[in-house]
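J.: I would like to see how this sequence folds:
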Amino acid sequence: MVGGMFEVSQNSMTLSDIKTIAVNGDQASVALTWKASRPGAELHTDNVDVYTVKDGKIVAAKIYAADIHQENTFWGN
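T.: Residues are numbered from 1 along each chain as shown. Predicted coordinates:
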């Protein structure tokens, strides 16, 4: 998944801020700020990601975007 994100963003995607990390059992929530650009589109968004971790690996992710329209426009959804 991340490889595809770097491809669409033309390797410009950066994680510019990690605000909060909270853990409860096998889940972790993280407040993140992502930035990326490509011709015709910019991304600068705050997200809350909730990861499920098993055996030290992320096995599921639920993403809550602060600006879903900006996300969809950037990623072409």
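
J.: Please count neighbours and contacts with C-alpha atoms only from this point.
T.: Fine.

J.: biggest strand in the chain, by residue count?
T.: strand 41-54 (DSSP state E).

J.: which other helices and strands contact that one?
T.: strand 27-38, strand 57-65, helix 68-75 (3 or more C-alpha pairs under 8 Å, 6 or more residues apart in numbering; DSSP states H and E).

J.: what sits against the residue nearest to residue 47 when sequence neighbours are not counted?
T.: Spatial nearest neighbour of residue 47, excluding adjacent residues (C-alpha to C-alpha, 6 or more residues apart in numbering): residue 65 at 4.5 Å. For residue 65, the contacting residues are 45, 46, 47, 48, 71, by C-alpha atoms under 8 Å, 6 or more residues apart in numbering.

J.: In CSV, list these along with neighbour count, pLDDT and distance to residue 54.
T.: Shown next, in CSV, are the contacts of residue 65 (neighbours: other C-alpha atoms under 10 Å; pLDDT from 0 to 100; distance: C-alpha to C-alpha, whole Å):
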residue, neighbour count, pLDDT, distance to residue 54
45, 17, 89, 28
46, 19, 93, 26
47, 18, 93, 22
48, 19, 95, 20
71, 17, 87, 28
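
J.: Using TSV, please lay out the residues you listed together with distance to residue 18.
T.: Below are these laid out as TSV (distance: C-alpha to C-alpha, whole Å):
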residue	distance to residue 18
45	12
46	10
47	10
48	10
71	18
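
J.: Which single one of the residues you listed is nearest to residue 14?
T.: residue 45 (11.0 Å; C-alpha to C-alpha).

J.: which residues touch that closest one?
T.: 33, 34, 35, 65, 66, 67, 70, 71.

J.: For ChimeraX, write the selection for the buried entries among these.
T.: To isolate the buried members of the contacts of residue 45 in ChimeraX, using 16 or more other C-alpha atoms under 10 Å:
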select :33,35,65,70,71
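
J.: just curious, which of the contacts of residue 45 is nearest to residue 15?
T.: residue 34 (4.8 Å).

J.: Look up how far residue 33 lies from the nearest residue to the closest one once chain neighbours are set aside.
T.: In this structure, residue 34 finds its nearest non-sequential neighbour in residue 15, 4.8 Å apart by C-alpha to C-alpha, 6+ apart. Going from residue 15 to residue 33 by C-alpha to C-alpha, to the nearest Å gives 6 Å.
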